[in-house]
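>>> please work out how this folds:
(one chain, ligands or ions: 1)
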Amino acid sequence: MTLQEIIEEMERRKQKIREEMGGEKAVKRQHEKGKLTARERVELLFDEGTFEEMGTLAYQLGSDPKKTPADGMIAGYGKINGRGACVAAYDFTVIAGSMGPSGEKKVTRMREWALKHRIPIIWLIDSAGARIQNSAGSSFAATGGLFFEQVIMSGVVPQVCAVMGPGFAGTAYVPALADFTPMVKGTSFLGLGGPPLVKAAIGEDISEQELGGSKIHCEISGVGDLEVQDDAACIEKVREYLSYLPQNNQDLPPVIKTSDPIDRSCDKLNELIPTAMNTPFDIIKLIEEIVDDGKFFEIKPRWARNMVTGFARIGGHSIGIVANQPKWLGGTIDVNASDKAARFINICNAFNVPILYLVDTPAFMIGSAVEKAGIIRHGAKFLHATASATVPKFTIVVRKAFGAGYYVMNGRAYEPDLFLAYPHAQISLMGAEGAVNIVYRKEIANAEEPEARRQELIQEYKDRISVDLVAGAADVDDVINPADTRRILASALERTRGKQVERPWRKIGVVPV
Ligand SMILES: CCC(=O)SCCNC(=O)CCNC(=O)[C@H](O)C(C)(C)COP(=O)(O)OP(=O)(O)OC[C@H]1O[C@@H](n2cnc3c(N)ncnc32)[C@H](O)[C@@H]1OP(=O)(O)O
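Residues are numbered from 1 along each chain as shown. Reported below is the predicted structural model:
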């Protein structure tokens, strides 16, 4: 054979692998389930024509190469919005996307590449987990490097794990260790064991979706970050997520030109925000009014809805937003809200994304249920994240900032680069009603008209916690017209881009968990 013939033969083999994957029947089955194939997903993920595959000819050694094309793993490099990224996409048409030895070597190469070249890595999970026939005894004992390496990469390069089919055991921890985990509605599953194993081990009879479907993980467990309608929407969200981040922790997020004027007056806010402290309103409407083109990329929108987290841009600059949601639980902060905020702050801090805190909280939730659930431990996690964040931080007290809720939402002591309040804001250890009931209990009881005296004292207390007094003591940087919020933040983002903070050396902080 001439070299030319050898080359042609090799190209034919590669082409066949790319076209046929795990075979016509398996591809048809994949489509019938409403899923794209791993190769179709990868095509959508990267800018057109930029994907370069690595290890196409891999297969499971010792078996028929035709039965394990690419060993069920599509790996390679490409560009997303013009910037480099690596992918590891499990091909369910090949032995249910199980983790084969050659396939996992390719994933290892992707992790190494991402780390060495400081570019994001994306996993597309559609996998039955470890390939059982290859994972017994000593061959299993040496494994686990995939999680170890993910931890080492954490906070160095962005890690995204889209769950687009099952993710069993081995492949269930990959999303948990990644920074962003969208899940496709109806087809994705994450679980340490599937329904048959659960039935055998603990006798529980449960469907796959009820056990670990997207609804469970995006609304109840909090493992998933976003439930999306289908594969195409999922890939679109991955691309969008990465657009807010730099390529690595030593880079700044890209600034994207916007046609939305940076000095646009946010007049709607003056109608939107109630003056009464306890009247609910939707904080997301406030966010949409101040950010570029009203575009807010919410993370975990259906989990811990009393805390809103997500990315947006102001004047083209990426910003992470942490906001109390008065529409849910009155904006109180509970266990899940603390975890949600802490995790999001850590991502922003790792990747140099400035953080905006929008404060409207009556404080942490109290009572026996949350004490038993460890609110102190979880709240400490949130405090730790806010205090540790050295990225530019801006705080706006929208209405109320009470108790430790004020501290954790980047209060004065937490080094905000700008600490602002709206004119009717209140900052206090607690709300007026609660404080008066505790401090003046005897005086109210002894008054000729107890209720009238109580109301009088409440009004006096409210005057004492008004933002005017806080501003008088120069404990806020400014009290602003809400309509000016966008202009002020755009300017603050511009001037804090070079922020540097020196902290005492330590190996790591002991993070409350
Ligand atoms: C670190 C520890 C671990 O990761 S333990 C991993 C444990 N994994 C599991 O328990 C998942 C086992 N698999 C399943 O439950 C099902 O195959 C799932 C993933 C739900 C897919 O179901 P379904 O769409 O009906 O496909 P299927 O069962 O017909 O499978 C297609 C072919 O793939 C095989 N397969 C499946 N899973 C594995 C696996 N983990 N290791 C090796 N082979 C696996 C099936 O046997 C089947 O093969 P065949 O086509 O019958 O030859």
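
>>> I figured residue 341 was touching residue 307, is that so?
Yes: taking contacts as Cβ atoms under 8 Å, residue 341 lies within contact range of residue 307: 5.2 Å. The C-beta positions use only the backbone N, C-alpha and C, and glycine is treated the same way.

>>> joint contacts of those two?
322, 333 (Cβ atoms under 8 Å, 6 or more residues apart in numbering).

>>> show me what residue 122 is bridged to.
Taking DSSP bridges as the rule, residue 122 bridges to residue 87, residue 160.

>>> separation between it and the ligand?
In this view, residue 122 and the ligand are 20 Å apart by Cβ to the nearest ligand atom, to the nearest Å.

>>> count the residues that sit near that residue.
Residue 122: 29 surrounding residues under other Cβ atoms under 10 Å.

>>> who in the stretch 1-150 of the chain is up against the ligand?
With Cβ under 6 Å from any ligand atom as the criterion, the stretch 1-150 of the chain meets the ligand at residues 95, 96, 98, 128, 129, 130, 131, 132, 133.

>>> output the residues you listed as a markdown table; include the columns pLDDT, secondary structure and neighbour count.
Shown next, in a markdown table, are these (pLDDT from 0 to 100; DSSP: H, G, I helix; E, B strand; the rest coil; neighbours: other Cβ atoms under 10 Å):
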| residue | pLDDT | secondary structure | neighbour count |
| --- | --- | --- | --- |
| 95 | 96 | helix | 23 |
| 96 | 96 | helix | 19 |
| 98 | 94 | coil | 25 |
| 128 | 93 | coil | 22 |
| 129 | 91 | coil | 24 |
| 130 | 90 | strand | 19 |
| 131 | 91 | coil | 23 |
| 132 | 87 | helix | 12 |
| 133 | 81 | helix | 12 |
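
>>> distance to residue 9 added to the residues you listed, as CSV?
Listed next are those as CSV, based on distance: Cβ to Cβ, whole Å:
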residue, distance to residue 9
95, 26
96, 30
98, 29
128, 32
129, 35
130, 34
131, 28
132, 34
133, 30
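
>>> remind me which helix or strand residue 322 belongs to.
In this structure, residue 322 is located in strand 317-324 according to DSSP states H and E.

>>> by contact count, what packs against that strand?
helix 283-290, strand 307-314, helix 335-350, strand 355-361, helix 485-495 (3 or more Cβ pairs under 8 Å, 6 or more residues apart in numbering; DSSP states H and E).

>>> quick check: angle from it to strand 307-314?
Between the axis of strand 317-324 and that of strand 307-314 there is an angle of 160 degrees, by axes from the mean of the first three to the mean of the last three Cα atoms, to 10 degrees.

>>> wait, isn't residue 403 in contact with residue 366?
No: contact criterion Cβ under 8 Å: residue 403 and residue 366 do not qualify, at 9.3 Å.

>>> which parts of stretch 291-298 are buried?
291, 292, 296, 297, 298 (16 or more other Cβ atoms under 10 Å).

>>> in TSV, list those along with distance to residue 501, pLDDT and secondary structure.
Listed next are those as TSV, based on distance: Cβ to Cβ, whole Å; pLDDT from 0 to 100; DSSP: H, G, I helix; E, B strand; the rest coil:
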residue	distance to residue 501	pLDDT	secondary structure
291	25	98	coil
292	27	98	helix
296	27	98	coil
297	26	98	strand
298	28	98	strand
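
>>> how is the protein carved up into domains?
Structurally, the chain divides into domains by the TED database as follows: 3-132+143-244, 267-430+466-496.

>>> tell me the contacts of residue 408?
Residue 408 is in contact with 333, 338, 341, 364, 379, 382, 383, 386, counting by Cβ under 8 Å, 6+ apart.

>>> again, only using 7 Å
333, 379, 382, 383, 386 (Cβ atoms under 7 Å, 6 or more residues apart in numbering).

>>> same question, residue 330
Shown in contact with residue 330 (Cβ under 7 Å, 6+ apart): 278, 362.

>>> ok, now how distant is it from the ligand?
42 Å.

>>> re earlier: farthest-apart pair in the buried residues of stretch 291-298, please.
Greatest spatial distance in the buried residues of stretch 291-298: 292 and 298, 15.1 Å, computed using Cβ to Cβ.

>>> could you count how many residues lie near the closest residue to residue 309 other than its chain neighbours?
Nearest residue to residue 309 in three dimensions, chain neighbours excluded: residue 344, at 4.0 Å (Cβ to Cβ, 6 or more residues apart in numbering). Using other Cβ under 10 Å, residue 344 has 25 other residues around it.

>>> distance of residue 344 relative to the ligand?
Residue 344 is 28 Å from the ligand, by Cβ to the nearest ligand atom.

>>> just the pLDDT for that residue.
For residue 344, the pLDDT comes out at 98.

>>> give me every residue that touches it.
By Cβ under 7 Å, 6+ apart, the contact set of residue 344 is 299, 309, 320, 322.

>>> and with 8 Å instead?
299, 300, 309, 310, 320, 322.

>>> spit out the contact partners of the last one.
Under the criterion of Cβ under 8 Å, 6+ apart, the contact partners of residue 322 comprise 307, 308, 309, 341, 344, 345, 355, 356, 357, 358, 409, 410.

>>> just the buried residues of those.
Here, 16+ other Cβ under 10 Å leaves 307, 308, 309, 341, 344, 345, 355, 356, 357, 358, 409, 410 buried among those.

>>> of all these, which comes closest to residue 280?
The closest of those, once distances to residue 280 are taken by Cβ to Cβ, is residue 308, at 13.4 Å.

>>> how about the closest one: what's its closest non-neighbour residue?
Residue 308 sits nearest to residue 323 (Cβ to Cβ, 6+ apart), 4.3 Å away.

>>> how much space separates that neighbour from residue 454?
Residue 323 sits 32 Å away from residue 454, going by Cβ to Cβ, to the nearest Å.

>>> who has more neighbours out of those two?
Each of residue 323 and residue 454 has its neighbours counted (other Cβ under 10 Å); residue 323 has more, 25 against 19.

>>> doesn't residue 361 make contact with that one?
No: here residue 323 lies out of contact with residue 361, judged by Cβ under 8 Å, at a distance of 9.5 Å.

>>> shaky segments in the chain?
Low-confidence segments of the chain (pLDDT under 70): 135-139.

>>> now do 90
63, 132-145, 169-171, 429-435, 437-439, 462-474 (pLDDT under 90).

>>> hey, where'd the helices end up in the stretch 101-250 of the chain?
Ranges of helices within the stretch 101-250 of the chain are 101-117, 137-141, 145-153, 173-177, 195-202, 208-212, 214-215, 231-243, based on DSSP state H, counting those that start in this stretch.

>>> now these as CSV including mean neighbour count and distance to residue 54?
Formatted as CSV, the helices of the stretch 101-250 of the chain follow (neighbours: other Cβ atoms under 10 Å; distance: least, Cβ to Cβ, whole Å):
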stretch, mean neighbour count, distance to residue 54
helix 101-117, 19, 6
helix 137-141, 9, 24
helix 145-153, 15, 17
helix 173-177, 20, 19
helix 195-202, 12, 33
helix 208-212, 18, 31
helix 214-215, 20, 30
helix 231-243, 19, 20
